[in-house]
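Enquirer: What shape does this take:
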Amino acid sequence: MPDVSNDGVTADSAAKVHRFYEAMNSGEERLLDEVANEILAPGWVNDPLPPGTSPGSQAFKPTTLWLRSVMPDFAIIHEDFVAAGDKVAVRSVSRGTHSGELLGVPATGRKVEYRAFDFHHLEGGRIVRTWHLEDFFGLLNQLGATYSTQS
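Expert: Sure thing, here's the model as predicted:
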């Protein structure tokens, strides 16, 4: 678990966000259910909402399982993990082998990685909102996607 201050709210917030990533890294259905039912608020806002997903905590499990089907060895590594009161900020790198269609690109079998910034807001001991920004442009470059400025 990441180092945090002795502040009870901060430590509790950090522990819950840590569990969020632990479930994503493992892909274990029991942990995914635990996060969806106990750590995320029922009306959890995932901002921006990934295409093809539903809002709310019950989208966490199918979204994570889909991501792990596209990259079966998917892993998130924290580079920075900062907790302050009811907010937790995470700078990470995700790695995996591209084994299924992702962002419109068929499986390449390539080892890829992309960086992300996530900010989690907790209320009443649950994550109510997650703002995230992933470097999908860098990921697409690794997948060999080409771009044209012509329409």
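
Enquirer: The nearest residue to residue 113 once chain neighbours are set aside and residue 59: what is the separation?
Expert: Leaving aside its chain neighbours, residue 113 sits nearest to residue 95 (4.3 Å; criterion: C-beta to C-beta, 6 or more residues apart in numbering). For the C-beta atoms, the positions are set from N, CA and C on the backbone; glycine is no exception. From residue 95 across to residue 59, the span is 23 Å (C-beta to C-beta, to the nearest Å).

Enquirer: check contacts around the residue lying closest to residue 121 once chain neighbours are set aside.
Expert: Nearest non-adjacent residue to residue 121, counting by C-beta to C-beta, 6+ apart: residue 129, 4.6 Å away. Applying C-beta atoms under 8 Å, 6 or more residues apart in numbering to residue 129 gives the contacts 44-45, 47, 120-121.

Enquirer: Let's see the pLDDT reported for residue 19.
Expert: At residue 19, the pLDDT value in this model is 97.

Enquirer: what's the nearest residue to it if we skip its chain neighbours?
Expert: Distance criterion C-beta to C-beta, 6+ apart; nearest residue to residue 19, sequence neighbours excluded, is residue 39 at 5.7 Å.

Enquirer: Many thanks, have a good one.
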